[in-house]
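Trainee: Let me see the structure of the following:
(2 chains)
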Amino acid sequence: ILNVEQSPQSLHVQEGDSTNFTCSFPSSNFYALHWYRWETAKSPEALFVMTLNGDEKKKGRISATLNTKEGYSYLYIKGSQPEDSATYLCAFMKLEEYGNKLVFGAGTILRVKS
Amino acid sequence: DSGVTQTPKHLITATGQRVTLRCSPRSGDLSVYWYQQSLDQGLQFLIQYYNGEERAKGNILERFSAQQFPDLHSELNLSSLELGDSALYFCASSLFGLGSTDTQYFGPGTRLTVL
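Mentor: Numbering: from 1, shown residues only, chains lettered A, B, ... in the order given. Have a look, this model is predicted:
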């Protein structure tokens, strides 16, 4: 069974705090790892697509790293702001014979208090 | 705004009925994906179409079917609806999606309630 696990399930931080979450995935047949940001009442928005072991990607105050050998990715938010409050989803894409599908984790809910 | 449109936004229907959800991908995108978000589950991949042909299949029930038309819009048909089919259904699109690492752009979703 293919499992993508995210931790923590939820996080409450103060404005200005830096935070990070973890996404764990099976390391075999790895193809890609996607991070999405999902605000309440909106649709998931792509943050990063990562493919190579050791990849590091950055978008403003948000960055992500990837370790395909041990099967984990970290998402970092530097200096959290209230507008960062959202659910952060990771999704694992496995190389398969028939099509390649994204398997999503349950997400980490981030709440940033001002 | 991702550029992906879905209609209707909300749908309320009864058990046993059939509904059709519609999705228009971003201009130029060839792949369309359907996902289901139930109350107690994460986003579940249902099916992908690329340029009119089925490309990948997830845990899609036999009561559900989809197609992608020549103008690249897609429809998801749900029949013999059950209470458990109540969920948020998302459509996403990407430029290619042929096992590549395309970014997927999600539409606003259709909220289906089965009474």
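Trainee: My guess is B:L21 contacts B:T110. True?
Mentor: Yes. With contact defined as C-beta atoms under 8 Å, B:L21 and B:T110 form a contacting pair (4.8 Å). Backbone N, C-alpha and C define where each C-beta goes, glycine included.
Trainee: Report the set of residues contacting both of these two.
Mentor: Between them, B:L21 and B:T110 have B:6-8, B:11, B:89 as joint contacts when contacts are counted by C-beta atoms under 8 Å, 6 or more residues apart in numbering or on different chains.
Trainee: Most neighbours among those, which one is it?
Mentor: With neighbours taken as other C-beta atoms under 10 Å in any protein chain shown, the top of these is B:Y89, carrying 24 neighbours.
Trainee: Excluding covalently adjacent residues, which one is nearest to that residue?
Mentor: In space, not counting the residues next to it along the chain, B:Y89 is nearest to B:T110; the distance is 4.8 Å by C-beta to C-beta, 6 or more residues apart in numbering or on different chains.
Trainee: List the residues that contact that neighbour.
Mentor: B:T110 makes contact with B:6-11, B:21, B:88-89, according to C-beta under 8 Å, 6+ apart.
Trainee: can you do 7 Å?
Mentor: By C-beta atoms under 7 Å, 6 or more residues apart in numbering or on different chains, the residues touching B:T110 are B:6, B:8-9, B:11, B:21, B:89.
Trainee: and B:T103, how many neighbours?
Mentor: 16.
Trainee: Find the nearest non-adjacent residue to it, please.
Mentor: A:A46 (4.5 Å).
Trainee: What are the buried residues along stretch A:46-65?
Mentor: Of the residues in stretch A:46-65, those buried under the neighbour-count criterion (16 or more other C-beta atoms under 10 Å in any protein chain shown) are A:46-50, A:55, A:57, A:62-64.
Trainee: Give me the contacts around that stretch.
Mentor: Stretch A:46-65 is contacted by residues A:32-37, A:66-69, A:73-79, B:101, B:103-105 when judged by C-beta under 7 Å, 6+ apart.
Trainee: A:V112 and A:T51, how far apart?
Mentor: Summarising the geometry, the distance separating A:V112 from A:T51, computed by C-beta to C-beta, to the nearest Å, is 30 Å.
Trainee: Chain neighbours aside, what residue packs nearest to B:S79?
Mentor: Once flanking residues are discounted, B:S79 sits nearest to B:R18: 4.1 Å by C-beta to C-beta, 6+ apart.
Trainee: and what of B:Y49?
Mentor: Excluding the flanking residues, the one nearest B:Y49 by C-beta to C-beta, 6+ apart is B:Q68, at 3.7 Å.
Trainee: That neighbour and B:G52 touch, don't they?
Mentor: Yes. Judged on C-beta atoms under 7 Å, B:Q68 makes contact with B:G52 at a distance of 5.1 Å.
Trainee: Which one's more surrounded, the two?
Mentor: Per other C-beta under 10 Å, whichever of B:Q68 and B:G52 has more neighbours is B:Q68, with 23 against 15.
Trainee: quick one: A:Q81 and A:E56, what's the gap?
Mentor: Taken as C-beta to C-beta, the spacing of A:Q81 relative to A:E56 amounts to 22 Å.
Trainee: One more: B:E82?
Mentor: Between B:E82 and A:E56 the distance, using C-beta to C-beta, works out to 45 Å.
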